[in-house]
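Chemist: this one's structure only:
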C-alpha cells in the first residue's frame, strides 16, 4: 500500500487527487503532461455556471457546497480540486420546483434515485434522505440537491438551520455572487463530512491540510465545534494529518480518541476499494459511526437510520413512518440472505 500511495494513477483514480495535488504529494512537476484533466475541469466550471444560472433565473435560492468554489477558496483556482458533483443546499419547500426545472432541462434522476409523487411519501423521504441526485448525460454532470446540510449529527435540524443562517458569506466568481458557508463553518462541515465517510478518499484530508486557516476565527470555530460535539473528529483528523502530511490543524483539545476511530479510517484510506457492500463491512462502519460523536441523541439517530432504506419507499406505500421501520428487517433479510 505504501507503494500505491506513491503511484500517480492510483492517487488520481482511487483518491481523486488532481495531478497538481499529486505533484505536491510526490514532490514532482508533471501536471502539465495531463492537459486533458485541466480541460475537463474548465468544462466543469462551465457546467456549474449553467446549473446555477438556471436556478437563479427561476428564483431558486441556494447555498454552494464544496466543489469548485471550495477549490477557489483554498487554491485561488477553481480547477485544482477535482469536482465530479455540483452540490447545492436549498429550502425543502423548493424541492418540487427544482425537480421540475432540472427534469425539463434533460436531467434525469441518478440510478436508484427517485422523488415520490405523493405528498406523504415526500415527507417521509425528506425526513430520512438528505439529497436528490440528478445526472445529465449530454453534459456528463451530476447535480446533488440537498435540503439537509448535515444529517445524523448531535444537533437537531432546526438548530442547524439557525447556525447556517448565522454562518453564511458571499463569494464572487465569474461575474456572479454566490452564497457559501463561512470559513469556520465550512471547515467544520468538511471535517464531519470526511469523518463520516471514514476519510476513504485522501482528497478530503488534503482539503483540510490545505485549508486557509488564516481566514479562520478560532473563537468562532471552537464554539461551532462545541455545538456539534466534534472534538473526537478533530482529534482523529489531526492524527491522520500527522501521519500522512506531517502537520496538524491549529485546533486541538486534550481528549482521548478511540483507537477504533483511527484504525477504521486508516483501513479505509489504505483499502483499494472505495465502497464496501459486505454485511460485515456495513456493521463495522456502523460501529465506527457509533463512536464518532459522544451524544446519546446522535446514537438514537443512527439507530433510527438502520430501520429505513430508500428502496423501501418504492416497495411499499404507507402514510405511517412506523410501517417502514417494521418493513426494514424483512427487507434486509430478503436482500442479504435470500438474494445473496
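Modeler: In hand now; what should we look at? Treat the numbers as computed from the prediction; the structure is a model and nothing was measured.
Chemist: Strands along this protein, start to end?
Modeler: Secondary structure of the chain (DSSP state E): strands at 63-65, 85-89, 108-109, 131-136, 141-146, 168-173, 176-181.
Chemist: could these go into a markdown table alongside distance to residue 287, mean pLDDT and mean neighbour count?
Modeler: Just so you know, the C-beta spots here come from the backbone N, C-alpha and C atoms, and that holds for glycine as well. Shown next, in a markdown table, are these (distance: least, CB to CB, whole Å; pLDDT from 0 to 100; neighbours: other CB atoms under 10 Å):
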| stretch | distance to residue 287 | mean pLDDT | mean neighbour count |
| --- | --- | --- | --- |
| strand 63-65 | 28 | 98 | 19 |
| strand 85-89 | 28 | 96 | 21 |
| strand 108-109 | 32 | 96 | 14 |
| strand 131-136 | 25 | 95 | 19 |
| strand 141-146 | 26 | 96 | 21 |
| strand 168-173 | 35 | 98 | 12 |
| strand 176-181 | 30 | 98 | 17 |
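Chemist: Identify whichever of those strands lies nearest to residue 7.
Modeler: When the strands of the chain are compared by CB to CB, strand 85-89 sits nearest residue 7, at 25.0 Å.
Chemist: and the closest one, how far from the chain's centre?
Modeler: 9 Å (CA atoms, centre = their mean, to the nearest Å).
Chemist: Stretch 245-254 too?
Modeler: Put simply, stretch 245-254 sits 22 Å off its chain's centre (CA atoms, centre = their mean).
Chemist: Grab the most central residue of the protein for me.
Modeler: residue 193 (5.0 Å; CA atoms, centre = their mean).
Chemist: Does that residue touch residue 205 like I think?
Modeler: No: assessed by CB atoms under 8 Å, residue 193 is found out of contact with residue 205, at 11.5 Å.
Chemist: now the helices for the stretch 101-250 of the chain?
Modeler: 119-128, 157-166, 183-196, 202-210, 218-227, 231-245 (DSSP state H, counting those that start in this stretch).
Chemist: So residue 75 is in contact with residue 68, correct?
Modeler: No: counting by CB under 8 Å, residue 75 stays clear of residue 68, with 10.3 Å between them.
Chemist: what do these two both touch?
Modeler: Shared contacts of residue 75 and residue 68, defined by CB atoms under 8 Å, 6 or more residues apart in numbering, comprise residue 81.
Chemist: ok, those two, which is more surrounded?
Modeler: The neighbour comparison of residue 75 against residue 68 (other CB atoms under 10 Å) goes to residue 68, with 24 against 16.
Chemist: Could you export the strands of the chain as a markdown table, including distance to residue 239?
Modeler: A markdown table is the format used below for these (distance: least, CB to CB, whole Å):
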| stretch | distance to residue 239 |
| --- | --- |
| strand 63-65 | 26 |
| strand 85-89 | 27 |
| strand 108-109 | 39 |
| strand 131-136 | 30 |
| strand 141-146 | 29 |
| strand 168-173 | 30 |
| strand 176-181 | 25 |
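Chemist: Next one: the residue nearest to residue 209 when sequence neighbours are not counted relative to residue 237, how far apart?
Modeler: Closest residue to residue 209 apart from its sequence neighbours, by CB to CB, 6 or more residues apart in numbering: residue 245 at 5.0 Å. In this view, residue 245 and residue 237 are 11 Å apart by CB to CB, to the nearest Å.
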